[in-house]
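Peer 1: Can you look at this prediction? I've put the sequence above it.
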Amino acid sequence: MGWIILAIAAVIIGIIVLVNRSFVVESLRELRNVTWPTKEFAIQGAWVTVVFILVLATFLALIDWGVNSLMIWLVK
C-alpha cells in the first residue's frame, strides 16, 4: 500500500515539475546564489533560539503560577 502511495506521489510531482519546468529551473538557479550560513553561525543561532525559548517558558510559567495563586486566594 505504501509503495502505491509513493508511486502516485512521484507521478504527481513529476507532472508538476514538467508543467512548471521554468519555475523549477529558476528556483535551482537561485539556490546556487544563496549564501548559506557557516556551521558556527548555525550553531550560535540554535543556541540563541533554545535560550530564548527557555526564558520565555520560564516567564510564562511564572505568570501562570502567579495568576493561579491569585485565583486560589480570591476563591478562599
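Peer 2: Structure's in. What do you need?
Peer 1: CA only for contacts and neighbour counts going forward, please
Peer 2: Noted.
Peer 1: First-to-last residue distance for stretch 13-25?
Peer 2: For stretch 13-25, the first-to-last residue distance is 15 Å (Cα to Cα, to the nearest Å).
Peer 1: can you give me how far it is from the chain middle?
Peer 2: The chain centre lies 25 Å from the centre of stretch 13-25; the measure is Cα atoms, centre = their mean, to the nearest Å.
Peer 1: buried stuff in that stretch?
Peer 2: Going by neighbour count (16 or more other Cα atoms under 10 Å), nothing in stretch 13-25 comes out as buried.
Peer 1: Give me the mean pLDDT for it.
Peer 2: Across stretch 13-25, the average pLDDT comes to 83.
Peer 1: ok, now stretch 34-52?
Peer 2: Average pLDDT, stretch 34-52: 95.
Peer 1: Convert that stretch to PDB, retaining C-alpha atoms only.
Peer 2: Taking C-alpha atoms only, stretch 34-52 is exported to PDB below (Å, rounded to 0.1, in the frame of the first residue of the first chain):
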ATOM      1  CA  VAL A  34      22.200  31.600  -1.800                       C
ATOM      2  CA  THR A  35      24.900  32.300   0.800                       C
ATOM      3  CA  TRP A  36      24.500  29.500   3.300                       C
ATOM      4  CA  PRO A  37      25.400  30.100   6.900                       C
ATOM      5  CA  THR A  38      28.500  28.700   8.400                       C
ATOM      6  CA  LYS A  39      28.400  25.800  10.800                       C
ATOM      7  CA  GLU A  40      29.400  28.100  13.700                       C
ATOM      8  CA  PHE A  41      26.700  30.700  12.800                       C
ATOM      9  CA  ALA A  42      24.000  28.000  12.600                       C
ATOM     10  CA  ILE A  43      25.100  26.500  16.000                       C
ATOM     11  CA  GLN A  44      25.100  30.000  17.500                       C
ATOM     12  CA  GLY A  45      21.600  30.700  16.100                       C
ATOM     13  CA  ALA A  46      20.300  27.400  17.500                       C
ATOM     14  CA  TRP A  47      21.700  28.200  21.000                       C
ATOM     15  CA  VAL A  48      20.100  31.700  20.900                       C
ATOM     16  CA  THR A  49      16.800  30.100  20.000                       C
ATOM     17  CA  VAL A  50      17.000  27.500  22.800                       C
ATOM     18  CA  VAL A  51      17.900  30.100  25.400                       C
ATOM     19  CA  PHE A  52      15.100  32.400  24.200                       C
END
